[in-house]
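S.K.: predicted model and sequence follow; I will ask about them next.
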Amino acid sequence: MSEKKKIAILGSTGSIGTQALEVIKANPDKFVVEVLTANGNADLLIKQAIEFNPNTVVIADESKYQYVKEALQKEDIKVFAGNKAVSQVVQMESIDVVLAAIVGYAGLESTISAIKAGKQIALANKETLVVAGELVTQLAKENAVNLYPVDSEHSAIFQCLTGEWHNPIEKIYLTASGGPFRGKDKLFLQSIKKEQALKHPNWEMGAKITIDSASLMNKGLEVIEAKWLFGLKPEQIDVIVHPQSIVHSIVQFNDGSMKAQMGLPDMKLPIQYALAYPERIQSDFPRFNFFNYPQLTFEQADTKTFRNLALAYEAMNKGGNAPCVLNAANEIAVDAFLKDKIGFLQMSDVVENCLQKIDFIKKPTYDNYVDTDEKTRIIACEIIDNNNKN
Ligand code: NDP
């Protein structure tokens, strides 16, 4: 790689976005920041813009436009506002790779726009593939776009498959830490508070994915993400709980051989791998020491207590717009949990209820997904409000 890769970071103020900027800062000969986008965190966006001097920044929250514009008036940086602008800037000629690191359904439109413009995608925003996996992977194929996984489990699978693309996969095992409530029963979970759920044992992440990890919805979303990224059948994807988060995932080939990718839990590694692919870049990330981990353990996921994982498999098996319903209901449920409107276990009730109530569409179009997302959010809010009235 002789020229520096020009990177657009969508969601630069988040957990993935800020770690991506650390990777870029450590490798100034490899990467340069072309675009940064944020939702409402104008101060951090301004600070990042001054430090990395991108061509363009976008603040999705339009009410913050003047503030960002004025703060950057002395810099040679273009400033735009609004979600439409996020979807437009990703098409800039100069961009090589778009890091899709907006959280949730909000990341779908800009990722699709980048794919249509033929940009290579480093994909953190798993919800994009959960909501519209068939459409997104089809568009990627049509536009000769590679989707490089950033999620550590999918990066692990991707790394195990390097050099093996022609060999059939028998199955994959996605590892799960089990989150902060591994081994707990429903009685315990009934009374837990958001502060407990926001403490992940191994990873530091944004609030939404941290709650998803505690409820095992994150693993459910990852199962659906894996189906689309690697073209697998549902029965080829298994989840195994591995509390130490050292084995990041495993591929089993049709001769029975298994390949795993291992390392300390640090998102900078998969981010760097996705941005630099096919190169591996020297790093000073801490190295694994076997004697700090004398035992690596594996156990079955408890889908009776953590129903979200079972619900995600159900939605994946059903297909059509069911995963889109699952995702939208979950986004509303997580938000309500974070606002103390519902309890931890009720999040699954909201998702299950929505899966039953929303009309099934077998072959959804983009507009069908938008419509499904909107309707599910309304129904999910109604379920939560009614529940609080009773
Ligand atoms: P954060 O909540 O930390 O960051 C989200 C980013 O998206 C912020 O920059 C935020 O801007 C921006 N954003 C939020 N809503 C909107 C919106 N409506 N329009 C435009 N931008 C928006 O999330 P994470 O970094 O933790 O996660 C990002 C994605 O990566 C998720 O899909 C997650 O599942 C995935 N992922 C994350 C991992 C992690 O370790 N964090 C690991 C694997 C995958 P602002 O700050 O201004 O609000």
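M.R.: Here it is on my side, so go on. Residues are numbered from 1 along each chain as shown.
S.K.: wait, does the helix or strand Ile378 falls within contact the ligand?
M.R.: Using DSSP states H and E, the element containing Ile378 is helix 366-389. No. Against the ligand, helix 366-389 shows no contacts by Cβ under 6 Å from any ligand atom, the least distance being 12.6 Å. Quick note: C-beta positions are derived from backbone N, CA and C, even for glycine.
S.K.: just the pLDDT for the residue of the stretch 251-390 of the chain found nearest the ligand.
M.R.: Nearest residue of the stretch 251-390 of the chain to the ligand (Cβ to the nearest ligand atom) works out as Met267 at 4.4 Å. Note on Met267: pLDDT of 97.
S.K.: and it, what does it touch?
M.R.: Each residue near Met267 by Cβ atoms under 8 Å, 6 or more residues apart in numbering is listed here: Ser15, Ile16, Gln19, Val150, Ser152, Trp203, Met205.
S.K.: among those residues, which ones are in helices?
M.R.: Of the contacts of Met267, the ones assigned to helices by DSSP state H are Ser15, Ile16, Gln19, Ser152.
S.K.: give me the subset of the residues you listed that also touch the ligand.
M.R.: When the ones in helices among the contacts of Met267 are filtered against the ligand using Cβ under 6 Å from any ligand atom, the residues retained are Ser15, Ile16.
S.K.: what about the ones in helices among the contacts of Met267, which one has the most neighbours?
M.R.: Most neighbours among these, by other Cβ atoms under 10 Å: Ile16, with 28 neighbours.
S.K.: can you tell me the closest non-neighbouring residue to Ile209?
M.R.: Leaving aside its sequence neighbours, Ile209 sits nearest to Asn218 (Cβ to Cβ, 6 or more residues apart in numbering; 5.8 Å).
S.K.: quick one: secondary structure of the one you found?
M.R.: Following DSSP: H, G, I helix; E, B strand; the rest coil, we place Asn218 in the helix state.
S.K.: which ones are touching the residue in the stretch 101-250 of the chain that the ligand sits nearest to?
M.R.: The stretch 101-250 of the chain approaches the ligand most closely through Gly206 (2.6 Å), counting by Cβ to the nearest ligand atom. Counting by Cβ under 8 Å, 6+ apart, Gly206 makes contact with Gly14, Ser15, Ile16, Val103.
S.K.: looking at the residues you listed, which is nearest the ligand?
M.R.: The closest of those, once distances to the ligand are taken by Cβ to the nearest ligand atom, is Gly14, at 2.0 Å.
S.K.: ok so, going back, give the rounded mean pLDDT of the helix holding Ile378.
M.R.: Rounded mean pLDDT across helix 366-389 is 96.
S.K.: name the helices or strands packed onto it?
M.R.: Applying 3 or more Cβ pairs under 8 Å, 6 or more residues apart in numbering; DSSP states H and E, one finds that helix 366-389 contacts helix 127-142, helix 322-338, helix 346-357.
S.K.: now it against helix 322-338, angle please.
M.R.: Put simply, helix 366-389 runs at 40 degrees to helix 322-338, going by axes from the mean of the first three to the mean of the last three Cα atoms, to 10 degrees.
S.K.: quick revisit: as a markdown table, the contacts of Gly206 with pLDDT and distance to Ile342 would be great.
M.R.: Shown next, in a markdown table, are the contacts of Gly206 (pLDDT from 0 to 100; distance: Cβ to Cβ, whole Å):
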| residue | pLDDT | distance to Ile342 |
| --- | --- | --- |
| Gly14 | 98 | 24 |
| Ser15 | 97 | 24 |
| Ile16 | 98 | 27 |
| Val103 | 97 | 20 |
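S.K.: contact residues of the stretch 151-300 of the chain facing the ligand?
M.R.: Going by Cβ under 6 Å from any ligand atom, the residues of the stretch 151-300 of the chain near the ligand are Asp151, Trp203, Met205, Gly206, Lys208, Ile209, Met267.
S.K.: redo that, cut-off 5 Å
M.R.: For the stretch 151-300 of the chain, the residues in contact with the ligand (Cβ under 5 Å from any ligand atom) are Asp151, Met205, Gly206, Ile209, Met267.
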